[in-house]
Every structure is written in structure tokens, then in C-alpha cells.
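Visitor: dropping the sequence and predicted coords here.
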Amino acid sequence: MFTQVIRWLTPFASLVVVAAMTGCGGDPPIYEIKGQVTLGGKAYPRLLVYFRPASGEVNRFNMGVGETDQHGNLVVRSNTGVGLPAGEYVVTFTCQVPKQNTAAAAKLSPDDKPSEAGITMIELVPDSHLEGKANSTTPVRFTVTSGENMFTYDIPAK
């Protein structure tokens, strides 16, 4: 009798393990978002771009962030990988640069904190588009689809 129970439970236990490892297929598909973001017509490295669902219902799948390279190229990532699920998103930005082009600022590595190096940073993004201030009022919206998603935007200068 015990052997029969074990034979019956073994395939069931295997299914439970596989389902747990794959997430039961509950993760929504994500779609890659690439593009280019400039500020006042100029590309800035490390300009941050935030995507939040327009519905306001944030979960571990539908919030994304991207960082531009020195040419303004952008790739958006979420907790689940490169891209976001289909839907409409509110987009905000932040871009901080050293107040003065000092020798100390030139020596900063990407992991350094400017404030600890005695460098004052200034925000270049206007309040109307700024992350943390404009989440509900920003004019920038983007709809992610199952096709190619190219986000190109020039943030107005202050």
C-alpha cells in the first residue's frame, strides 16, 4: 500500500517542483523598449528614464528604468528582464551633473557618490518632467505593444 502511494505521489511532486520553478506561467510577457533620449537637444550619459503604469497600479513586472549612454541611447529594464509588459506608461526623468566641471568630478567612477567627494550636483530636468515631482503631471506617455517599441524623446531644457 505504501509503495502505491509513493508511486502516485512521485509524478505529482515532480509537477509541483516544475510549476514552482517556472512560475506557473503567471509572468506576463515583456517587450523590449529601446530608443534615444536627449535633453534640450543634447545627449547626456546616465540620464535616467522611469516608466510607471499609467493606471498607477505598480507591481514587480510593470515598473521599468533605463539609463542613457553618452549618445543618448536607451534600453529599459524591469525586475523581470529587458522590457515591460504591454500597456500605457507614464514617463519621468532625472539627469544630474556636477555644478562645476571640477577635477574631483572628472575622477568619479560610476559607483562613487558625488556628495561624499564634495561635489554639488544640479538637476537639469525641468520639474514638469522630473522623477518624483511630476509622476502624475508629466506630459510624457508611452504605450508598450507586442511589436517593436522605440521611445524617442527630447526633454525640454529648463
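Guide: In hand now; what should we look at? Numbers count the residues shown, from 1 in each chain.

Visitor: partners of the nearest residue to residue 65 once chain neighbours are set aside in the sheet?
Guide: Leaving out its chain neighbours, the residue that sits closest to residue 65 by CB to CB, 6 or more residues apart in numbering is residue 50, at 5.3 Å. In short, each C-beta sits where N, CA and C put it, glycine included. Per DSSP bridges, the residues bridged to residue 50 are residue 65, residue 92.

Visitor: next one: residue 50 from residue 130, what distance?
Guide: Plainly put, residue 50 is 10 Å away from residue 130 if you go by CB to CB, to the nearest Å.

Visitor: need the overlap of contacts for these two.
Guide: 92-94 (CB atoms under 8 Å, 6 or more residues apart in numbering).

Visitor: may I see those residues organised as TSV, with distance to residue 81 and neighbour count added?
Guide: Below are the shared contacts of residue 50 and residue 130 laid out as TSV (distance: CB to CB, whole Å; neighbours: other CB atoms under 10 Å):
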residue	distance to residue 81	neighbour count
92	21	23
93	22	24
94	23	17
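
Visitor: got JSON lines for these, with distance to residue 147 and pLDDT too?
Guide: Output for the shared contacts of residue 50 and residue 130, formatted as JSON lines (distance: CB to CB, whole Å; pLDDT from 0 to 100):
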{"residue": "92", "distance to residue 147": "24", "pLDDT": "95"}
{"residue": "93", "distance to residue 147": "24", "pLDDT": "96"}
{"residue": "94", "distance to residue 147": "28", "pLDDT": "95"}
